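Trainee: Next comes the sequence, and after it the predicted model I'd like to discuss.
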Amino acid sequence: MTSSPIPLIILGAGGNSLGIIDAVQALNALEPRYRIEGILDDIPANLGRELLGCRVIGTIADAPRHAHCQFVNGISSVGSFREIPAIVARTGQPAERFATIVHPRATVAASARLGRGSVILAGSVICPEATVGDHAIILQNTTVNHHSRIGDFVTLSAGITILGYIDIGRNAFIGGGSTFLPLLKVGEGALVGAGSVVIRDVPAGRVVVGNPARELPGSKHGVHEA
């Protein structure tokens, strides 16, 4: 007997949420699993907007009205990523109300571990013994290699190569097309610019960019807590 689809609310009406909707639709094509109830977004102009047939029905503060639903966060950009912990907290929903969405064309090794509320989009690969934390967003065609750890609230943009034994700290943002040598650490709240080749550790809160990646002068930011 097939169970009823799980009602789902997506946070954010940006490009990441398009990828989440695509993943949900692909999952449902195999077996009905989710029913997207709508999108919550705090930009007033987005109220009533539709993304791939899914409508913005309210703001983040409206999340308690949908306590029968599961939730998943799609909000992350260079300008907003440090606010993700606070955005998730503002929903007022416990950890078990957040769904982990894995596109059916993503590959997740049996020995890999995925946290609650995380998103793995099409073409991405999570290799053996890798760990992905809670509320991480991993966009298309990104590889997280063996024994690497992706912290809570991390964003990995499209086309990234994370080699083995790498630690990406909580709430970091990694720009698309970046490559990381093995055994590196990226600190909490750090930003790695698109296309960077990272060959040394990145301190918490810093911004690095380039090949090889170098710190931008005056780039240190305060580390945000949820």
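Mentor: Here it is on my side, so go on.

Trainee: Nearest the geometric middle of the chain, what residue?
Mentor: Nearest to the mean C-alpha position of the chain, by CA atoms, centre = their mean, lies residue 137 at 1.2 Å.

Trainee: thought that residue was touching residue 152?
Mentor: No: if you go by CB atoms under 8 Å, residue 137 and residue 152 don't touch, sitting 11.3 Å apart. In this view, the C-beta of every residue, glycine as well, is placed from N, C-alpha and C.

Trainee: about what we covered before: let's see the pLDDT reported for the residue nearest to the centre of the chain.
Mentor: You'll see residue 137 listed with a pLDDT of 98.

Trainee: and it, what is it in contact with?
Mentor: Counting by CB atoms under 8 Å, 6 or more residues apart in numbering, residue 137 makes contact with 16, 73-74, 76, 118-119, 154-156.

Trainee: Which one of the residues you listed is nearest to residue 217?
Mentor: Among these, residue 155 lies closest to residue 217 (CB to CB), at 23.8 Å.

Trainee: Longest helix of this structure, counting residues only.
Mentor: When every helix of the chain is counted residue by residue (DSSP state H), the longest turns out to be helix 15-30.

Trainee: Against which helices or strands is the helix or strand following that helix packed?
Mentor: Using DSSP states H and E, the helix or strand that directly follows helix 15-30 along the chain is strand 34-40. Counting contacts by 3 or more CB pairs under 8 Å, 6 or more residues apart in numbering; DSSP states H and E, strand 34-40 is packed against strand 6-11, helix 15-30, strand 54-58.

Trainee: rewinding a little: counting contacts, what elements does the longest helix of the chain pack onto?
Mentor: Other helices and strands packing on helix 15-30, by 3+ CB pairs under 8 Å, 6+ apart, are strand 6-11, strand 34-40, strand 50-51, strand 101-102, strand 119-120.
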